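Colleague: What follows is a predicted protein model with its sequence.
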Amino acid sequence: MTVLVVSGTGTEIGKTVVTAAVAAVARAAGRSVAVLKPAQTGVAPGEPGDVAEVRRLAGDDVTGLELARFPEPLAPDTAARRAGMTPVHPEDVAKAAAKLATEHDLVLVEGAGGLLVRLDAAGGTLADAARLLGAPVLVVTPAGLGTLNMAALTGEALRARGLECAGLVVGSWPAEPDLASLCNLADLPESAGSPLVGVVPEGAGRLPAADFRAAAPSWLGPELGGGWSR
């Protein structure tokens, strides 16, 4: 696996922290890692975005690249249009990721929101970039009620496009899980048609960087280089 696309079933569900955990585990194994953010939205110039957060948690030896930044916290296509800025196209994402892949052992492409959020006016999506790259997609999902439907729809969209799912990761596992969350651990793989390959605890992104890196392998399954298992 040279390029891994990290998407989700929605927004604000832990994609950046999961990306950082995958990067930290890969770096601990001696692999060189790059993280690519095609479109950062809702962050002002000079403010740290998702790439900076991944590097803070996983290590500043992780290469970071952001292709575009749009000021309003909206879907990339909408944010670019409202700002009068040039959008990012799937071909741009694929080209940048392919170049990084010639220089790194692992390239993590972190999307914005879900798999089919529009990047440009032509309807290009992160799924299109994954198809151009021939890259698997890691799906980050919430733990609680409603996640089964979102995971099922994302899995269906991946299969319809002939894309490989690298598995599901729960992006923020509650300290006191409710009944739905506990049941979803067993039900998510069946709903999505892909295995559960990690569970990241809530608040993981607030850990000191050294503690985050030390704990990351316990959150991810062997498929991602860690030691977690259900």
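Modeller: Perfect, I can see it now. Residues are numbered from 1 along each chain as shown.
Colleague: Look up how far Glu66 lies from the residue lying farthest from the centre of the chain.
Modeller: When distances to the mean C-alpha position of the chain are computed (Cα atoms, centre = their mean), the maximum falls on Gly84, with 26.8 Å. Relative to Glu66, Gly84 is positioned 19 Å away (Cβ to Cβ, to the nearest Å). C-beta coordinates here come from the backbone N, C-alpha and C atoms, glycine included.
Colleague: Can you tell me what sits against the longest strand seen in the chain?
Modeller: Criterion DSSP state E: the longest strand present in the chain is strand 165-173. Residues outside strand 165-173 that contact it (Cβ atoms under 8 Å, 6 or more residues apart in numbering) are 1, 4, 8, 13-15, 17-18, 136-143, 151, 155, 158, 181, 185, 188-189, 192-202, 204, 220-221, 223-224.
Colleague: Point out the ones among those that are inside strands.
Modeller: Among those, the members that lie in strands (by DSSP E) are 4, 8, 137-141, 196-201.
Colleague: which one among those gets closest to Gly114?
Modeller: For these, the minimum distance to Gly114 (Cβ to Cβ) is 5.8 Å, reached by Gly8.
Colleague: can you pull up the bridge partners for that closest one?
Modeller: Val140 (DSSP bridges).
Colleague: What number of residues are in the vicinity of it?
Modeller: The tally of other residues near Gly8 (other Cβ atoms under 10 Å) stands at 30.
Colleague: Would you confirm that it contacts Glu110?
Modeller: No: here Gly8 does not reach Glu110: they are 9.3 Å apart, not a contact under Cβ atoms under 8 Å.
Colleague: Which residues are in contact with each of those two?
Modeller: Lys15.
Colleague: how deep is Gly226 tucked in, by neighbour count?
Modeller: If we define neighbours as other Cβ under 10 Å, then Gly226 has 22 of them.
Colleague: What's the local residue count around Gly146?
Modeller: Neighbour count for Gly146, taken as other Cβ under 10 Å: 12.
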